[in-house]
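In: Need a 3D model of the following:
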Amino acid sequence: MERYELAKNRIMELETEIDGAFGDYIREAAHLFVTIFHVMDGTEDVKQRKEWTDNLYEEIAGDNYETSYANPAYCVKKFGEKTGQYLCWFYARFRDSIVAAFEEDEEEVTRCMELFLQVVSVLSLEEETERYLLPKKIGDSDIKWYESGENKAPYIAVLILILGIFYIWAGKRKEEEKNKKRTDDLKKEYPELISRIILLLYSGATMRNALFYIGDSYRKSMADMKDRKKNEAFEEVVITYRQMQSGVTELKAYGNMADRCALPCYRTLSIMLMQNQKRGSKGMIASLEQEVINEFAEKKRKVKSEGEIASMKLLLPLGLMLMIVFALIMVPAFFSI
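Out: Next comes the predicted model:
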């Protein structure tokens, strides 16, 4: 991802090149992100990932928290009331990327990195002012010096606040769009998933083996074709069968799938799978086939409804065109009288 790589390269430079009042703050945050890069780019080795986890949380463990920028009291003490509170909030937001890194959510990690670079650019404005040692006396006369110009601190605080509000709003909107797209994909891919299950049940496979085969085949095909688009329904199957492999009961795994998808059709499927586990597979294929029929009927009804809405929207331009034609006929007739 180009945005991720650009932000990563810039942050790698910040560990050594920043000095001044905010230098330590920026270096600590940059060091945090460098460790996160190891997590994002690292291996699946459990021991190595545990070492990275310990490094990431060591900063706020025990007495270390007293001198951590994640501690509001320490930030306020070092940078003042307003600036300290804002910088502490941003530092806590930077640490949110830890969870995203272990979940391999590159988009969320990239947003945190870009927010950090925006904060660095704002803080760097304070370091651009040159300082001079001014004399306290001329001869026997004391001299008092007064700072001219405006204090930039309130503007910096307001700018950071605006950036924070915009970032939160953009993040929420992005998350809503992502969830909506996932929901739409789950609905579209549901009939295909049911059809695959029916085909495998006809071939003599048990429900558990059918799910294992679907998930394993999908995972291998994704590994072979890097550019292939994710199938959200099959992704849920992969998660479900991995939970069962790790010791979660089938009933619990099916319930978890329904909770993650949060759609009526997947809740219905989950109930059928639970019933299959409790009562056996008798009538299971017929129930699944009926579910496919119902789903296609629902899709047909939805398409018909959307068509009716589209036709209603066309009435307004048609009405306007009728009025224009009527005016073209009546106006010449009116002036000819």
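In: Please make it C-alpha for all contacts and neighbour counts, starting now.
Out: Noted.
In: In this protein, which residue is most central in space?
Out: The centre of the chain sits closest to residue 108, judged by Cα atoms, centre = their mean, with a distance of 4.8 Å.
In: Grab the nearest non-local neighbour of it.
Out: Spatial nearest neighbour of residue 108, excluding adjacent residues (Cα to Cα, 6 or more residues apart in numbering): residue 100 at 6.3 Å.
In: residues near that neighbour, how many?
Out: 18 (other Cα atoms under 10 Å).
In: Give me the buried positions along stretch 168-180.
Out: For stretch 168-180, a neighbour-count test (16 or more other Cα atoms under 10 Å) marks nothing as buried.
In: next one: it to chain centre, how far?
Out: 7 Å (Cα atoms, centre = their mean, to the nearest Å).
In: Stretch 308-323 now?
Out: 40 Å.
In: Give me the average confidence score over it.
Out: For stretch 308-323, mean pLDDT is 80.
In: cool, stretch 171-178 as well?
Out: 85.
In: Please report the distance of residue 34 from residue 12.
Out: Look at residue 34 and residue 12: by Cα to Cα, to the nearest Å, they are 7 Å apart.
In: And residue 309, by the same measure?
Out: 53 Å.
In: One more: residue 57?
Out: 20 Å.
In: what does residue 163 give?
Out: Residue 163 is 23 Å from residue 12, by Cα to Cα.
In: Give me the neighbour count for residue 284.
Out: Neighbour tally, residue 284, other Cα under 10 Å: 17.
In: quick one: contacts for it?
Out: Neighbouring residues of residue 284 by Cα atoms under 8 Å, 6 or more residues apart in numbering: 272, 276.
In: pLDDT value on it, please?
Out: Reading off the model, residue 284 has pLDDT 77.
In: Likewise for the one 3 residues further on?
Out: According to the predicted model, the pLDDT of residue 287 comes to 81.
In: Residue 183 too?
Out: 83.
In: I'd like the distance from residue 39 to residue 33, if you could.
Out: 10 Å.
In: Please say which of those two ends up with more neighbours.
Out: residue 33 (25 against 20).
In: What lies in contact with the host helix or strand of that one?
Out: Using DSSP states H and E, residue 33 falls within helix 23-41. The contact list for helix 23-41 (Cα under 8 Å, 6+ apart) reads 8, 11-12, 14-16, 18, 49, 52, 55-56, 69, 91, 94-95, 97-98, 101-102, 104, 106, 113, 116, 120.
In: any chance you could map the strands in the protein?
Out: Taking DSSP state E as the criterion, the chain contains strands spanning 137-138, 141-142.
In: Among those strands, which one carries the weakest average confidence?
Out: Among those, strand 137-138 scores lowest, at a mean of 48.
In: burial of residue 270, as a residue count?
Out: Counted by other Cα under 10 Å, the residues lying close to residue 270 total 21.
In: isn't it right next to residue 254, touching?
Out: Yes: in this structure residue 270 lies within contact range of residue 254 using Cα atoms under 8 Å: 5.3 Å.
In: rewinding a little: thought residue 106 was touching the residue nearest to residue 108, still the case?
Out: Yes: when contacts are counted by Cα under 8 Å, residue 100 is listed as touching residue 106 (7.3 Å).
In: Now for this structure, the helix or strand with the poorest mean pLDDT.
Out: strand 137-138 (a mean of 48; mean pLDDT, DSSP states H and E).
In: what are the ranges of the helices in this structure?
Out: Here the chain has its helices, by DSSP state H, at 2-17, 23-41, 46-58, 72-79, 81-95, 97-102, 106-124, 153-202, 207-224, 232-245, 250-261, 264-279, 284-335.
In: and those as TSV, adding distance to residue 64?
Out: What follows is those, written out as TSV (distance: least, Cα to Cα, whole Å):
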stretch	distance to residue 64
helix 2-17	20
helix 23-41	13
helix 46-58	7
helix 72-79	11
helix 81-95	15
helix 97-102	18
helix 106-124	22
helix 153-202	26
helix 207-224	42
helix 232-245	36
helix 250-261	37
helix 264-279	46
helix 284-335	56
